[in-house]
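K.L.:
let's see this in three dimensions:
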Amino acid sequence: MKKYIYIISLLLISCQEEITLDLPQIQDKIVVEGSIENGFPPYVILTKNQGYFDEIDSNTYNNLFITDVDSVKIWYYNEGEKVSKTLEQIVGLDSLPPIYTDLDYFNNTDNYEFSKEGRTYFLEINWNNQIISSSTTIPKATPLDCLWVEKSENEEEEFKFDIRALYSDPADQNNYILVKSKRIQHYEKIDSIGCQVKNNPDFSLKIIDAGADVLINGQTFETYFPRPRDNGFPTGKYNGYHKEECQGDSIEFLKDIVLIKYCQIDEASLKFWRGLIRQVGTNGNPFAEPLNLVSNITNGLGIFSGYGSAYYMVPIVEDTVIFEQHTPEIIDVF
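P.N.:
Numbers count the residues shown, from 1 in each chain. Presented below is the predicted three-dimensional model:
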């Protein structure tokens, strides 16, 4: 019996072949992250695509950004007349990636007329002898009825809170909704230097969810906005004011202050953002089905999205109720 097993083993070994996959070279494509919303200038961030098996090192991040475009233009039509802007790169913002925007905004921030609800905007990028184009619409904003802060029912810590909201969906229009949030203030302990705390706010707005009003059209309903996590579905909580013991001392953590962006988007934007949410939610799942993001960029990848936005500033204090909208700083829109 041992002899037969040995012979079979030799046969199996002799049938092994070294397989070399001849993978096609990735074609250079521009990746667009473009945005325009009521009251704020359009902005565009441009990067290059990268092959799945390409090496990643310390220079990868900086090398991805494109700063040598020939032109970035955006326009709309007003009674048949083309109203156009040439976007220029902002310089001196070390904390942000290279951004192309309308610098005229900074000379007239109180009465910026270019970005308005109901308009369709067209984007054209001239790069590397290619024309990359797209279009989007700024839908009409539909504000929330109100927001409020209440104690989280499934958390042991007394300082963990949820943000809840009431929304009346208009019955006479199809709505595609995108919700983002950002902690403008968030205090954490600095373990490396002892019992001290520091303000460590979120770098940018993070996606909570996106969806259509198919099931709630014309209805008033209650919802809540969990804190987005770095990976997976948003299930996080927000911190209220609290104290902690540290080496015999008591240290204070000020309350979180949260910026909520509640906005309407068009259908093409919904398909992109909904796909992105699903990808993040299945990150690391070996049984997840691969998903290609739906793009509205011609000759490129990414998204050019219009937002009919309503902003709210929410301090995490129990029973706080917010009715009024908030006007954010331009840095929070980027």
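K.L.:
just the element for residue 331, please.
P.N.:
Secondary-structure element containing residue 331, defined by DSSP states H and E: helix 330-333.
K.L.:
pLDDT on that helix, on average?
P.N.:
The predicted model assigns helix 330-333 a mean pLDDT of 84.
K.L.:
please apply the same query to stretch 234-252.
P.N.:
Summarised as a single mean, pLDDT over stretch 234-252 is 88.
K.L.:
state the phi and psi torsions of the nearest residue to residue 216 once chain neighbours are set aside.
P.N.:
Counting by CB to CB, 6 or more residues apart in numbering, residue 169 is the residue found nearest to residue 216 once chain neighbours are left out, at 5.2 Å. Bear in mind the C-beta positions are built from the backbone N, C-alpha and C, glycine included. Dihedral angles of residue 169 (phi, psi; degrees, to the nearest 10) stand at phi -80, psi 130.
K.L.:
what about residue 169, how many neighbours?
P.N.:
Summarising burial for residue 169: neighbours were counted as other CB atoms under 10 Å, giving 16.
K.L.:
correct me if wrong: it contacts residue 219.
P.N.:
Yes. Between residue 169 and residue 219 there is a contact under CB atoms under 8 Å: 5.8 Å.
K.L.:
tally up the residues packed near residue 72, please.
P.N.:
Around residue 72 there are 24 other residues, counting by other CB under 10 Å.
K.L.:
tell me the mean pLDDT over the longest strand belonging to the chain?
P.N.:
In terms of residue count, the longest strand belonging to the chain (DSSP state E) is strand 301-315. The average pLDDT within strand 301-315 is 96.
K.L.:
check stretch 188-208 too.
P.N.:
When pLDDT is averaged over stretch 188-208, the result is 85.
K.L.:
centre of the chain to that stretch, how far?
P.N.:
Its chain's C-alpha centre lies 20 Å from the corresponding centre of stretch 188-208 when counted by CA atoms, centre = their mean, to the nearest Å.
K.L.:
ends of that stretch, how far apart?
P.N.:
Distance between the two ends of stretch 188-208: 22 Å, counting by CA to CA, to the nearest Å.
K.L.:
can you list the residues that contact that stretch?
P.N.:
With contact meaning CB atoms under 8 Å, 6 or more residues apart in numbering, stretch 188-208 is reached by 95, 178-187, 225-226, 228, 234, 244, 246-247, 249, 251-254, 259, 261, 273, 276-277, 280, 332, 334.
K.L.:
which among those residues end up buried?
P.N.:
Judged by neighbour count, with 16 or more other CB atoms under 10 Å as the criterion, the buried members of these are 178-187, 225-226, 228, 234, 251, 253-254, 259, 261, 273, 276-277, 280, 332, 334.
K.L.:
filter these down to the ones in helices?
P.N.:
273, 276-277, 280, 332 (DSSP state H).
K.L.:
where's the dip in pLDDT among the residues you listed?
P.N.:
Of all of those, residue 280 carries the lowest confidence score, 70.
K.L.:
excluding chain neighbours, give the residue nearest to residue 303 in space.
P.N.:
The shortest distance from residue 303 to any non-neighbouring residue, by CB to CB, 6+ apart, is to residue 272 (4.5 Å).
K.L.:
fine, thanks again, bye for now.
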